[in-house]
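**Q** here is a sequence with its predicted model. Questions after.
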Amino acid sequence: MNATRGQVLGLYRTLMRTRAITFAGDTEALVASRLKIRDEILKNKNETSLQEINTMIKTGHDVVNILRTNIVQAKRTGDNTYHLKVPKLDSVEQDSNHDHDGNCSCAYLSEKS
């Protein structure tokens, strides 16, 4: 079980680092994600089934992947303008509205569309 314990602790650290990068500058999201990760780990700390533990570890790695690739944050920068923080994906070509860090400044489109 020591190897499994090490996997869980490593996953916990990876989740914490990933959320810190994903939600950098967003205090509310940083706090909420820290509490959720901690609560989920503690809720399952007494699990003894190796199969269940491995399933939860896989789920945790899936969450890391989602946080790294699927979260887009928008911050209003002016009237009808937002600054988008999008994930940096090597396999996706950046267009002229994006800088090399995955940031995008876009005009706001009407909510009526």
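**A** Yep, that arrived. Remember, predicted model here, so these are calculated numbers, not experimental data.
**Q** Ala24: what's it in contact with?
**A** Leu30 (C-beta atoms under 8 Å, 6 or more residues apart in numbering). In short, each C-beta sits where N, CA and C put it, glycine included.
**Q** phi, psi of it?
**A** phi -50, psi 130 (degrees, to the nearest 10).
**Q** how about the strands in this protein?
**A** All strands of the chain, identified by DSSP state E, fall at 73-78, 81-85, 103-107.
**Q** weakest of those strands by average pLDDT?
**A** The stretch with the lowest mean pLDDT among the strands of the chain is strand 103-107, at a mean of 49.
**Q** how close does the spatially most central residue of the chain sit to Thr55?
**A** By C-alpha atoms, centre = their mean, the mean C-alpha position of the chain lies nearest to Leu67, the distance being 2.3 Å. Distance, Leu67 to Thr55, by C-beta to C-beta, to the nearest Å: 19 Å.
**Q** low-confidence regions, the protein specifically.
**A** 1, 89-113 (pLDDT under 70).
**Q** tell me the bridge partners for the closest residue to Arg76 other than its chain neighbours.
**A** Using C-beta to C-beta, 6 or more residues apart in numbering and skipping residues adjacent in sequence, the residue nearest Arg76 is Tyr82, 5.6 Å away. Note on Tyr82: beta-bridge partners by DSSP bridges are Arg76, Cys106.
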